[in-house]
Structure formats: structure tokens, C-alpha cells
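Chemist: This is a predicted model, with the sequence first.
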Amino acid sequence: MDRERLEALQAQRLRALTGRLRAQVPFYRERFAAVGFEPGDVGELDDVRDIPFTEKTDFRREYPRGMFAVPGDQVVELHSTSGTTGKPVVCGFTATDLETWAELVCRLAVAVGVGSDDVAQVTLGYGMFTGGFGLHYGLQRAGAQVVPVSAGNTERQIRFLRDLGTTVLVATPTYALHLGDVLQDSGVPAKDLRLRLGLFGAEACSDGMRRHIEAMLPLVATDNYGLTEVLGPGVAGECEHRTGMHVNEDHFIVECLDPDTGAPLPDGALGELVFTSLTRECSPVLRYRTHDISSLTRARCVCGRTSARIGKVVGRTDEMFIINGVNVFPSAVEKVLFAFAGVRPFYRILLERRDGLDTFEVQVEVEDGLFSGPREALLELEGRATAELKDALMARPTVTLLRPGTIETAVGKTKRVFDRRPD
């Protein structure tokens, strides 16, 4: 669909959605009244900017069902965020929502080559988290055999990879790295597996991390993007050319905005992603601030798709930390670390305050062979890593090299930054 037709469809669906939300969701009715917004005012897509933002705190204030736009007897499934930093965000699905969800994930799976000859092993959790169920529904619709192993029990994961002839691995990037690590120690040659494709999401996957995964597992690593507040998986994903994640724009409006001013940014500029879900029945959301930092392009992809594409998520506004007046994203630390030979893709950042001064320590695993060699080699690597991090970040960390297996690998999303400084 050409951009003009697509944007006309989005504007039409936005008018219908805002009218429905004003009638059925008191939260949005009050929000519209506060700024004088009328659903009938939506004439073209740019009018979305007249609508106020929605934040995670809004979901928490309306917990658990205050954001639902349908009666309870139409809700057939519930999912939520973990709620580790407050009340969880609860979202509902009607029967139509589940059909749409399966279709959107199916599109993204087919775009990277999933088909009826594939066996797809899902290592994401099947609880309230949207990841496991969303990928499951979509992969089934794409014709794949789905192995719903769920999260954890890595030895069993490896057994099924081998015995069931898994061709598609669905995982978080860090769990894929852990799986590759354990596979090497298990004595099962990676070349004996039938793996060919990885569908990775739920956390950012840098180019460096992607290279590590592809070196450890016999697959092509691809990214997909989603979040519970908007849908879960199915919002965006790469095609076979891996030149950005295609947004399912007939179902979502995506904006890339200056996180401080809210002003729209030109294509290619880094900013905060903001999403509107146009077709969701139970839990639609208007202009949801994701706090994810990425870029946006509307240029036609080499695959022929005309949908907008988002780049890799380079960080989150709420993950950025300030050390002695300098803003730092974990991804910037990772980019420097992964450029060194012998460095493993497992690291963490520790922030503390001692004698009134902030301290910044980067702990990273390195290959075991470095510990069996001369200590001078370790000291040299620590020194070079410290110097390059200082140059790249304009902040000087302390670098500590660790043996393999020292840093615990999370089954779900991996926490990188541990800020122990007092408020």
C-alpha cells in the first residue's frame, strides 16, 4: 500500500478509535475534555499530535481494568507486565483481538522466512507475559510446528533443540547467548542442530550481541519489537534483509519524538518511540510513550514493503544513568566492550556513591584462557577497555574482568545497571 493510502486509512481508524474511547473509557473522555480535543477534528494523520500522551503511570492509576474499552463479558484473555516497579499494567483481549494478534505476529514471522517446514521452539515465558503466547499464536498461523517449552531448564531446551529438530529459536537475546554457552559445555556440536533462524525480542539486541549469538549458534538472528501496553509481540519486526523493523502500520501509528519537547523528529534521528494502537478492541492506547530510544524511516525497504521501519533500540530514557554530570546508555558501554577480542557478551554496570562521589564500575566476563595466561595480559585489557570507555563516554569507569559464568543470566529480561546510590 502506498504511503498516501496507508496514512488515509490510519486517519480513518484514528477518528473511529477516538470516538469509541470518548464514549467508553472515562479516562480518555476526561483527558480529551481537558485539552479540548474532539474526535471529529481528526482530518489527517498529523492531527494525532493534538491528542495527549498516555504513560505507564496512567495504567497504574486505572489498575486493573480502568483502561478497558469493552464490557467484561467480551474479554477472553488477560496479560500483564511484571509489576516489579509498581502495580502491573493489565491488558485484555477479545476474541477478535486474539485473531488480530496471531495475524500480526504471523506477518512478521513470514517476513523473515518462517513457514510450514519449520519447528519453532519458544523459550519465552507462558505466564502473564505476552511474549510466549503472542509468538505461539503467530507461529502456528504461519504454519510452523510450535514447541512451547517456555522459560528456563536449559538442559531440556538443548535436548529438544536436538531431538525435535528445532529450526527456529524464539528467545531473549541474552538467553540465546546463555543457551549457546551451555551448548558448548554440553559437548553437543552446534553444527548437529537444524537451527537456522532466531526470533529475538523483549530486550534490545545490539549488532555486537547479534554477532556473538550467530557465532555461538547456527542461525540468522532477527529482531522483533512489542510491548504489553501496545499489544505485545507483533508491533514490528525485521524482514529477511534486516534493515530495520517493519511496523504493522495499518494497526499502529508510530511517532519518533524529542523525549524532552515532544516535537517530531526527522527520519533517521534518534528519539523516543510513541505508539497508538488503532484496531485493538479491549485495550487500545493513544500515543503511548514507550521511553524506548530508536529511529524511524519511511523509505521503501529493498524487500518492497512500504511500512515505516524502526531501528535498533539503543536504550531507554529510564535506563540512561547520569555519572558525574554525563548521560550514559548501557548500549554505549556494550558497544565498546564487544569490540575487544576475548570479551564475552555478559556484563553489568555498578553505580555507587563513596565519600560523596559517584563511582562507575563495569564488570565483564572474558574467555577463561585469559586467566591462565600472564596477569599482565589481563591488566593490559583492563587498561585499554577503561581508556576506550572514557573516550567514548566522557566518563571514567573502573573495569573489572571476570571469569566465565560469574554473571548470572536471567531467563527473562536482563538487568544491566545496578544503581546503589542513595536518592
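Modeler: Perfect, I can see it now. These numbers were taken from a predicted model, which means no experiment stands behind them.
Chemist: where exactly do the helices run in the stretch 151-300 of the chain?
Modeler: Along the stretch 151-300 of the chain, counting by DSSP state H, counting those that start in this stretch, helices occupy 154-163, 173-186, 207-216.
Chemist: which residues touch the top strand by length along the chain?
Modeler: The single longest strand within the chain, with elements called by DSSP state E, is strand 343-354. Here strand 343-354 makes contact (CB atoms under 8 Å, 6 or more residues apart in numbering) with 174, 177, 208-209, 212, 321, 323, 330, 333-334, 337-338, 358-367, 385, 397, 404, 406-407, 409, 415-422. C-beta here means a position set from N, CA and C on the backbone, and glycine is covered the same way.
Chemist: Just the buried ones from those?
Modeler: Taking 16 or more other CB atoms under 10 Å as the criterion, what is buried in the contacts of strand 343-354 is 174, 177, 208-209, 212, 321, 323, 330, 333-334, 337-338, 358-360, 362-366, 385, 397, 404, 407, 409, 416.
Chemist: Please narrow these to those residing in helices.
Modeler: Among the buried ones among the contacts of strand 343-354, DSSP state H puts 174, 177, 208, 209, 212, 330, 333, 334, 337, 385 in helices.
Chemist: how about the fourth one, what does it touch?
Modeler: Same thing as residue 209. 173, 174, 177, 334, 338, 345.
Chemist: Which helix runs longest in the chain?
Modeler: Longest helix in the chain, counting residues (DSSP H): helix 3-24.
Chemist: That one: which residues count as buried?
Modeler: The neighbour-count check on helix 3-24 (16+ other CB under 10 Å) flags 6, 7, 10, 11, 13, 14, 15, 17, 18, 20, 21, 22 as buried.
Chemist: what bits of the chain have low per-residue confidence?
Modeler: Residue ranges of the chain with pLDDT under 70: 84-85, 411-412.
Chemist: Show me how the record splits the protein into domains.
Modeler: 95-316, 321-419 (automatic domain parsing).
Chemist: would you list the helices of the stretch 151-300 of the chain in JSON lines and tack on distance to residue 139?
Modeler: Shown next, in JSON lines, are the helices of the stretch 151-300 of the chain (distance: least, CB to CB, whole Å):
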{"stretch": "helix 154-163", "distance to residue 139": "15"}
{"stretch": "helix 173-186", "distance to residue 139": "16"}
{"stretch": "helix 207-216", "distance to residue 139": "19"}
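Chemist: May I see the domains of the chain organised as TSV, with distance to residue 80 added?
Modeler: As requested, the domains of the chain are exported to TSV (distance: least, CB to CB, whole Å):
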stretch	distance to residue 80
domain 95-316	4
domain 321-419	14
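Chemist: taking the ones you listed together, which one is wrapped up most tightly?
Modeler: domain 95-316 (a mean of 20; mean count of other CB atoms under 10 Å).
Chemist: on that earlier part again, okay, now the sheet partners of the longest strand of the chain, with direction.
Modeler: Strand 343-354 has its sheet partners listed here by DSSP bridges as strand 357-366 (antiparallel), strand 417-419 (parallel).
Chemist: Measure how that strand sits relative to helix 330-337, angle-wise.
Modeler: 130 degrees (axes from the mean of the first three to the mean of the last three CA atoms, to 10 degrees).
Chemist: how much distance is there from strand 343-354 to the middle of the chain?
Modeler: Using CA atoms, centre = their mean, to the nearest Å, the mean C-alpha position of strand 343-354 is found 21 Å from that of the whole chain.
Chemist: Dump that strand to PDB, restricted to CA.
Modeler: The C-alpha coordinates for strand 343-354 follow below in PDB (Å, rounded to 0.1, in the frame of the first residue of the first chain):
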ATOM      1  CA  VAL A 343      35.400 -10.400  25.900                       C
ATOM      2  CA  ARG A 344      32.200 -12.400  26.400                       C
ATOM      3  CA  PRO A 345      28.700 -10.900  25.900                       C
ATOM      4  CA  PHE A 346      27.900 -10.800  29.600                       C
ATOM      5  CA  TYR A 347      28.400  -7.600  31.600                       C
ATOM      6  CA  ARG A 348      26.900  -5.400  34.300                       C
ATOM      7  CA  ILE A 349      27.300  -1.800  35.500                       C
ATOM      8  CA  LEU A 350      27.500  -1.000  39.200                       C
ATOM      9  CA  LEU A 351      26.900   2.600  40.400                       C
ATOM     10  CA  GLU A 352      27.700   3.600  44.000                       C
ATOM     11  CA  ARG A 353      28.500   6.700  46.000                       C
ATOM     12  CA  ARG A 354      31.600   6.800  48.200                       C
END
